[in-house]
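K.L.:
Okay, predicted coordinates and the sequence, questions at the end:
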2 protein chains.
Amino acid sequence: MERSDAGGTRASIADVARGAGVSTASVSRSLRGLGGVSEGTRARVVQVARELGYAISPGASSLRSGRTRSIAVVTPFIDRWFFGRALGAFESVLQQADLHVLLHSLHGSAEARRRLFAERILHRRVDAVLIMCLKLEQHEIDALRALDVPVALLGSHAVDFSSVAIDDFSAAREAVDHLTGLGHRRIGLIGGSPVDPLHFTAPVERRAGYRDALKSAGIARDRELEADADYTVAGGERAMARLLDLPQRPTAVFVESDEMAFGALRFLRDARVRVPDDLSVVGIDDHEMSHLVNLTTVAQPVAEQGAAAAHALLAALADRSRPPSRVMHPTRLVVRGTTAAPRGT
Amino acid sequence: MERSDAGGTRASIADVARGAGVSTASVSRSLRGLGGVSEGTRARVVQVARELGYAISPGASSLRSGRTRSIAVVTPFIDRWFFGRALGAFESVLQQADLHVLLHSLHGSAEARRRLFAERILHRRVDAVLIMCLKLEQHEIDALRALDVPVALLGSHAVDFSSVAIDDFSAAREAVDHLTGLGHRRIGLIGGSPVDPLHFTAPVERRAGYRDALKSAGIARDRELEADADYTVAGGERAMARLLDLPQRPTAVFVESDEMAFGALRFLRDARVRVPDDLSVVGIDDHEMSHLVNLTTVAQPVAEQGAAAAHALLAALADRSRPPSRVMHPTRLVVRGTTAAPRGT
DNA sequence: CTGAAAGCGCTTACAG
DNA sequence: CTGAAAGCGCTTACAG
């Protein structure tokens, strides 16, 4: 029968060694499943450890071994769909590998980002690091390398590190090609600001994909049709308002994320603009709410990216000499009810 | 100018002591801002530490001091609105206090929950623990107490620990009172299963509030009108389908969460049931998407609860003799467009 | 104000 | 297969 009394809580490896009549070295080897211990010894040690309610001291273990069994994840936000979902899958894989996840959110703050790298907050505290969706500056790459642990990126790339992402450029092209294929010529963009202090990767790539799609369709670019937002529902709402204020309204809008698209749809409904009759809308993500509002979008596999990032780190931990890997996950256009041919065609 | 070379990365407290011509004790005191050091010494130490790129070894520090500067948060899910938002606010407060957050998700698994407590996964690894939304069993409370660190609960209560929550019973009453006030008599429930293996607190309390509101309005309870779901959009959809299949349909439905309500609304739209003309719907949460679908709901302050939980833990850390606190956050009915008087009134 | 020294609890060569 | 011992890098009484 398992019990854990107050005394048991404080049992150290020396207590277990004493109880089993062996050295602390043998206890360490037995409990970690290492070779070089007889089965009899191991069984006795395991038994005594359980009786005493022994639990290793992570601090002592990591001081000696240099391994912390923790992995940091640096994320711009926690409370947004993409990040929550990627994080969940990431954490799940690592938990199964008996690793802990240190959560470090930037909360959208460039200052928090600066502090993270300048103050060596992760130093010696983790065995590996995942960076979500940030376009890294060279000095940040240097700071990460100085940590001397495997680093992986989710949603961006850097030559030095393993990365997992979708092809944001192609995803945007897919969305806008769908619109031009339907016959639209005047196509707006609601996207992240290119001057966002946090420097996300997606806005830059997706905007480039949008422009490229227009070019391929022989449509001249009109800077007025590009509205900046901040990847939130409210931001999408405001950006849509600006687009509708234009002397020459677009007949379709490509929105860089589903959450912004929700905001755009909301504004259109209130403004009595019919979708897709008067205006088509296409997003990126396939957010879990998208089917509710019947949004046409380019789906990306989010949980899969989180899990892949975890596996990349696990592989790097198992073999430190392994070269960085780069995984691109596929996207897929999901046509629903918010897109149609422009009126009068 | 700040630099961090490879050598700097490995500097230890002894290196700093040597560089500054003082003992390691003085370095420790200087860097932690403790008293008993002259300003001249402190300045010199700080300067040398910066030059060498010194960063403390968390393992060594915690081995000696017993403090890890980490706080664990145990959450049933990461990728749901409520949890992401509460978690974000929680982490933000702790980060500002120079504390780290260890994220441990149960991923909805009762087995993961069992393992967490049985295998002493948090033992000596954290200075405090936050438990989200779980109704704790006695043996779990015992296991948490054996950790010998402050524990706080968010979304549930236990006599031994500090807690932060809303009054789920009242929130449900508020929602259902609104419905009965409008004249509804046949009111359905879409709620969490009372036999969910994870034992959440909210479903039990909210269902009780629903029943109490009916009773106060003199309406007999009809078990058929209570549909079990799992707090997901898809679950809300399925539950709504079952309610519509009833020989005698409800004229209104109280849904225990906005996310389930979204699913319910989706089903109603596809089934061509008009809301609120044919059927009223009210939720709980005030999810960020709720205003998009015009959902009437009972708002709860989620980020505030996360921040309050962090502050409760901070206070306990500062004064271990402080008795457990219990904070109840207010809820507020937000009437939008999914509720109205029943037809023919 | 300062330093010498003990010791936190492990892991890891090393020797047998 | 096993153990004695060193040492990881700090913090903390203690003494001066």
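P.N.:
Nice, I can see it. Residues are numbered from 1 along each chain as shown, chains lettered A, B, ... in the order given.

K.L.:
quick one, strands of chain A?
P.N.:
A:70-75, A:100-105, A:128-132, A:151-154, A:162-166, A:187-192, A:226-229, A:252-255, A:280-285, A:296-299, A:326-329, A:332-334 (DSSP state E).

K.L.:
Spell out which parts of the stretch 1-150 of chain A neighbour DNA strand D.
P.N.:
Within the stretch 1-150 of chain A, the residues that sit near DNA strand D (Cβ under 7 Å from any atom of the strand) are A:21-26, A:29, A:35-38, A:40-41, A:60, A:63-64. The C-beta positions use only the backbone N, C-alpha and C, and glycine is treated the same way.

K.L.:
Name only those of the residues you listed that count as buried.
P.N.:
Using 16 or more other Cβ atoms under 10 Å in any protein chain shown as the burial test, those include A:22, A:26, A:29, A:37, A:41, A:60, A:63 as buried.

K.L.:
Dump these to CSV, plus distance to chain B.
P.N.:
CSV is the format used below for these (distance: Cβ to the nearest Cβ, whole Å):
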residue, distance to chain B
A:22, 22
A:26, 21
A:29, 20
A:37, 21
A:41, 22
A:60, 5
A:63, 4
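
K.L.:
I'd like those as a markdown table, with distance to DNA strand C appended.
P.N.:
Formatted as a markdown table, those follow (distance: Cβ to the nearest atom of the strand, whole Å):
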| residue | distance to DNA strand C |
| --- | --- |
| A:22 | 11 |
| A:26 | 8 |
| A:29 | 6 |
| A:37 | 11 |
| A:41 | 12 |
| A:60 | 3 |
| A:63 | 4 |
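
K.L.:
and which of these is nearest to residue B:192?
P.N.:
residue A:60 (42.2 Å; Cβ to Cβ).

K.L.:
Relative to residue B:127, how far out is that closest one?
P.N.:
16 Å (Cβ to Cβ, to the nearest Å).

K.L.:
most tightly surrounded among the strands of chain A?
P.N.:
Ranked by mean neighbour count, those are led by strand A:252-255 with a mean of 30 (mean count of other Cβ atoms under 10 Å in any protein chain shown).

K.L.:
Give the rounded mean pLDDT of that strand.
P.N.:
Across strand A:252-255, the average pLDDT comes to 98.

K.L.:
and that strand with chain B, contact?
P.N.:
No - using Cβ under 8 Å from any Cβ of the partner chain, strand A:252-255 stays clear of chain B, coming no nearer than 14.0 Å.

K.L.:
Quick one: list the elements packing against that strand.
P.N.:
Identification of packing neighbours for strand A:252-255 by 3 or more Cβ pairs under 8 Å, 6 or more residues apart in numbering or on different chains; DSSP states H and E yields helix A:168-181, strand A:187-192, helix A:233-244, helix A:258-270, strand A:280-285.

K.L.:
surely residue A:238 meets residue A:232?
P.N.:
No - using Cβ atoms under 8 Å, residue A:238 makes no contact with residue A:232, being 9.4 Å away.

K.L.:
list residues touching both of these two?
P.N.:
Common neighbours of residue A:238 and residue A:232, using Cβ atoms under 8 Å, 6 or more residues apart in numbering or on different chains, are residue A:263.

K.L.:
and stretch A:254-267, how far from the chain's centre?
P.N.:
20 Å (Cα atoms, centre = their mean, to the nearest Å).

K.L.:
from the middle of its chain, how far away would stretch A:80-90 be?
P.N.:
Chain-centre distance of stretch A:80-90: 6 Å, with Cα atoms, centre = their mean.

K.L.:
Restrict that stretch to CA atoms and write it as CSV.
P.N.:
In CSV, the C-alpha atoms belonging to stretch A:80-90 read as follows (Å, rounded to 0.1, in the frame of the first residue of the first chain):
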residue,chain,number,x,y,z
ARG,A,80,-5.1,33.1,-28.8
TRP,A,81,-6.4,30.1,-30.7
PHE,A,82,-3.3,29.3,-32.7
PHE,A,83,-0.9,29.6,-29.8
GLY,A,84,-3.1,27.7,-27.4
ARG,A,85,-3.5,24.8,-29.8
ALA,A,86,0.1,24.6,-30.8
LEU,A,87,1.2,24.9,-27.2
GLY,A,88,-1.2,22.2,-26.1
ALA,A,89,0.2,19.6,-28.6
PHE,A,90,3.8,20.6,-27.8
